[in-house]
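> prediction below, plus the sequence it came from.
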Number of protein chains: 2
Amino acid sequence: VQIAILLYERFTALDAIGPYEVLSRLSDAEVIVTAERPGPVRADTGMLALIADAALADVPHPDIVLVPGSPDYEAQLGDGPVTRWLRAADAASSLTTSVCTGSLILAAAGLLTGRQATSHWLALDRLEAFGAHPVSERVVIDGKYVTAAGVSAGIDMALDIAGRIAGAPTAQAIQLMIEYDPHPPYTAGSPRTAPPDLVTRLRIRDRQAAQAS
Amino acid sequence: VQIAILLYERFTALDAIGPYEVLSRLSDAEVIVTAERPGPVRADTGMLALIADAALADVPHPDIVLVPGSPDYEAQLGDGPVTRWLRAADAASSLTTSVCTGSLILAAAGLLTGRQATSHWLALDRLEAFGAHPVSERVVIDGKYVTAAGVSAGIDMALDIAGRIAGAPTAQAIQLMIEYDPHPPYTAGSPRTAPPDLVTRLRIRDRQAAQAS
C-alpha cells in the first residue's frame, strides 16, 4: 500500500503525523511524504519543518492520498499544482482522505461534490460552498472518501482505515503499540463538550481573523 | 517559555509532534527542535524526516526539555552528547519531560533517580534498572519531572503541562482548537483494555526482538 502524505507551506503538523504514525505501522505500507518540490516544508507555527522526500510528480498513483489542513488552506485552492496533482491522484486512488481543513482543499478541487464530509469544527460549514455536505462527526466515510475533523481526529481516522485495510486485530495491535488510550485532562475537545463561552470566544476570534485577512 | 524538543536518529515522530502541536499554541511559547547537529533527522520508520533547527549547543537553557522515545532508545544511553546536554539542560529547566521510552534516556542520564516515572507499557519495568520507580499511568508527575506513557500519551501530557503553565482555560482552548475529543474505533490502547491474547503476542514479539538485537 503506497500512502502519499501531501505537505504544503503552513500545513498543521499533527494533521499529517497522527495518521502517519498509525499507517506507517501497517506491515506492507510505504508512506511517502510529498510536496510540490522535495525538501523542507515548514508547518503553520513556523517552529517546525518536515522534509518532503518526493516531488508530487514522483508520486503519481498512490493507493491512499492524505491531505492535512492548515489555517492557510486557502492558499492551496485554485488551479495550482496541488489541485492538479490531487485530481490526477484521486482518479486512481483507493482512498482519498483528509484531516481538518484538508477537506476544503479536496472539496475545492471538486473531489467531494455531493459527498458527505467533515472538517475542523470552525470550518465545517464552508464545505457547502464547495458542493460537499458537511457532517459534524469525527470521521466521515463516503465511498472512498474519508475525512476527519480537526487536527487530532486524524489518529482516529487512520485507525479506522488500518482496520479496513488490514483487519481489526492489526489495527488493535497498532493502537496498543502507540498506547492510544486517551485520557485528556479536560473535557473541551469538541464544541459539544467544551464550555459554551469558550466555543463562542473561539468563533469570534476566528471570524475576526477571517475579516482581517 | 522556551521549549526544546530533542531529536535523534530513529526517534518516534508522534512522541515529538503530539506535544509540539499542543505546546506551540501557548501564546508565548518558543519551540526549538534540536539535535546534536542541525539538519534532517529521520524517524524510526525511515519514511519521515524532521529538521532540527538548532544544535544542542545552541539551546543550553530551555525552560522545558522534551525527550521523545524510540525503539532504538538504547543508542542514546551512555555518556554521549545527548546525555551530556540533558544533564546540563536539566540543571536549569523548570520542567524535564519525556514521552514513551524517552523516560529511559532521562533515567539512564541519572535524572529520574528515586523518582516516579512512566514509559511505554512494554518498557515500563526497565525504568527500575536506572533507579526510577515505574508507575503504570498515562502521565506521571514527580516534582519537575513529567513522563508520559507510549507515543500518543504525549498529547495528554502536553495539555496537562499547558494547564499548569497558562491555566485551564488556555489549555481547554488548545484542546478545542486541535479538536482533541478522541473516539478510537477500538478499545485496545492499553494492556488493561486490549484483548489479552494481543497483549501476550506483543510481549513475546518484543522479547524476541530484544534477544535478536
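Alright, I've got the coordinates. Residues are numbered from 1 along each chain as shown, chains lettered A, B, ... in the order given.

> from now on I want contacts and neighbour counts done on CA atoms only, so please keep to that.
Noted.

> low-confidence ranges, chain A, go.
In the predicted model of chain A, no residue satisfies pLDDT under 70.

> quick one: contacts for the closest residue to A:Val67 other than its chain neighbours?
In this structure, A:Val67 finds its nearest non-sequential neighbour in A:Ser98, 4.5 Å apart by C-alpha to C-alpha, 6 or more residues apart in numbering or on different chains. With contacts defined as C-alpha atoms under 8 Å, 6 or more residues apart in numbering or on different chains, A:Ser98 is in contact with A:66-69, A:106, A:146-148, A:154.

> next, A:Ser98: secondary structure please.
Per DSSP: H, G, I helix; E, B strand; the rest coil, the local secondary structure of A:Ser98 is strand.

> what separation do you get for it and A:Thr147?
5 Å (C-alpha to C-alpha, to the nearest Å).

> show me the helices in chain A, by range?
A:13-23, A:81-92, A:102-108, A:153-166, A:168-177, A:196-212 (DSSP state H).

> comparing those, which comes out most buried?
Most buried of these, by mean neighbour count (mean count of other C-alpha atoms under 10 Å in any protein chain shown): helix A:102-108, with a mean of 28.

> close to chain B, is it?
No: taking C-alpha under 8 Å from any C-alpha of the partner chain as the criterion, helix A:102-108 and chain B are apart, separated by no less than 13.8 Å.

> counting by contacts, list what that helix packs against.
When contacts are defined as 3 or more C-alpha pairs under 8 Å, 6 or more residues apart in numbering or on different chains; DSSP states H and E, helix A:102-108 packs onto strand A:64-67, helix A:81-92.

> other residues contacting it?
Contacts for helix A:102-108 (C-alpha under 8 Å, 6+ apart): A:67-70, A:73-74, A:76-78, A:83, A:86, A:97-98, A:112-113, A:117-119, A:126-127, A:130-132, A:147.

> ok, now which ones touch the residue nearest the centre of chain A?
For chain A, the residue nearest the mean C-alpha position is A:Val99 (1.9 Å; C-alpha atoms, centre = their mean). Residues counted as contacts of A:Val99 (C-alpha under 8 Å, 6+ apart) are A:15-16, A:66-69, A:119, A:147-151, A:153-154.

> distance of it from A:Ala16?
8 Å.

> how about A:Arg10?
12 Å.

> and what of A:Arg115?
Applying C-alpha to C-alpha to A:Arg115 and A:Ala16 gives a distance of 23 Å.

> stretch A:147-163 near chain B at all?
Yes: Stretch A:147-163 lies within reach of chain B by C-alpha under 8 Å from any C-alpha, at A:149-153, A:155-156, A:159-160.

> and that stretch, how far out from the chain middle?
In terms of C-alpha atoms, centre = their mean, to the nearest Å, the centre of stretch A:147-163 is found 8 Å from the chain centre.

> same check on stretch A:70-78?
Distance, stretch centre to chain centre, for stretch A:70-78: 13 Å (C-alpha atoms, centre = their mean).

> what about that stretch, start to end distance?
Across stretch A:70-78, the terminal residues are separated by 16 Å (C-alpha to C-alpha).

> just stretch A:43-52 next, same as before
Using C-alpha to C-alpha, one end of stretch A:43-52 lies 12 Å from the other.

> need the residues that contact that stretch.
A:7, A:9-13, A:33-35, A:37-42, A:70-72, B:24-25, B:30-33, B:40, B:48-51, B:53.

> look up the closest residue to A:Val22, ignoring the ones flanking it.
Per C-alpha to C-alpha, 6+ apart, closest to A:Val22 is A:Ala158, 6.1 Å.

> contacts only, for the one you found.
By C-alpha under 8 Å, 6+ apart, A:Ala158 lies in contact with A:18-19, A:22-23.

> repeat for A:Gly150
A:15, A:99-101, A:119-121, B:177-180.

> now with 7 Å, please.
A:99-100, A:119-121, B:178-179 (C-alpha atoms under 7 Å, 6 or more residues apart in numbering or on different chains).
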